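*Asks:* Could you look at this predicted model? Sequence included:
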Amino acid sequence: MKLMKDAVPRARRAADVLSTILDNAGVNAGSAVRVTGKGGLAPLIWLCRRGFDDVAYVHYHGGGPRDPADVLLILQSTPPAELEHLLNERPCVREGGVLIVQTPAVKTADGRDPIHLILERAGYLVERCIPHRSNEVHVARRRTTAACRQAA
């Protein structure tokens, strides 16, 4: 019975963290939210129960809605190469939209975060990086075309 008691507070903490991340990123019940990855079912149900109407699961390689979303959630430990492939496959998030992705906490030899480099190459600006156990949750906003031109 102790395991069940421990699991409930842990789930509440995770829900509180996700709720805070979404609020800080300007995501609300009217946002078009897409969820992908092996762990996508739980956040999808959680969002639906909290009044998000435009929520859908999308498969990594096609399937699901084709229009870029306001928000894409990838709440599993996504390896860098897999994330890079996903972001290069098609635009998952509209310009100005938010990508929230959980990855392993890794650093390059010079101390840089390779996930930030992948996100920047794909046209995202990292707004927050939240350590969570041996992982990190990255919150990144897709740059607008004008911002991409200025950066080039």
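*Replies:* Right, received. Where do you want to start? Quantities reported herein were computed from a predicted structural model and do not represent experimental measurements. Residues are numbered from 1 along each chain as shown.
*Asks:* Which strand residues bridge the residue nearest the centre of the chain?
*Replies:* The residue lying closest to the centre of the chain (Cα atoms, centre = their mean) is residue 100, at 1.9 Å. With DSSP bridges as the criterion, residue 100 is bridged to residue 73, residue 139.
*Asks:* who's in contact with it?
*Replies:* Neighbouring residues of residue 100 by Cβ atoms under 8 Å, 6 or more residues apart in numbering: 21-22, 25, 71-75, 137-140. For the C-beta atoms, the positions are set from N, CA and C on the backbone; glycine is no exception.
*Asks:* do residue 119 as well
*Replies:* Listed by Cβ under 8 Å, 6+ apart, the contact set of residue 119 reads 87, 99, 125-126, 138, 140.
*Asks:* need the residues you listed in a markdown table with neighbour count and distance to residue 67, can you?
*Replies:* Compiled in a markdown table, these are given as follows (neighbours: other Cβ atoms under 10 Å; distance: Cβ to Cβ, whole Å):
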| residue | neighbour count | distance to residue 67 |
| --- | --- | --- |
| 87 | 23 | 17 |
| 99 | 25 | 15 |
| 125 | 13 | 22 |
| 126 | 16 | 24 |
| 138 | 24 | 23 |
| 140 | 27 | 19 |
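*Asks:* Looking at those, which is nearest residue 40?
*Replies:* Lowest distance from residue 40 to those (Cβ to Cβ) belongs to residue 99, with 14.1 Å.
*Asks:* What segments of the chain are strands?
*Replies:* Taking DSSP state E, the strands of the chain run over residues 33-35, 55-57, 69-74, 93-104, 124-132, 135-142.
*Asks:* Run a quick neighbour tally on the closest residue to residue 107 other than its chain neighbours.
*Replies:* The shortest distance from residue 107 to any non-neighbouring residue, by Cβ to Cβ, 6 or more residues apart in numbering, is to residue 113 (6.1 Å). By the criterion of other Cβ atoms under 10 Å, residue 113 has 18 neighbours.
*Asks:* So among the contacts of residue 119, where is pLDDT lowest?
*Replies:* Within these, residue 87 has the lowest pLDDT, namely 83.
*Asks:* right, and that residue touches residue 118 too?
*Replies:* Yes. With contact defined as Cβ atoms under 8 Å, residue 87 reaches residue 118; the gap is 7.0 Å.
*Asks:* what sits in contact with each of these two?
*Replies:* Counting by Cβ under 8 Å, 6+ apart, nothing touches both residue 87 and residue 118.
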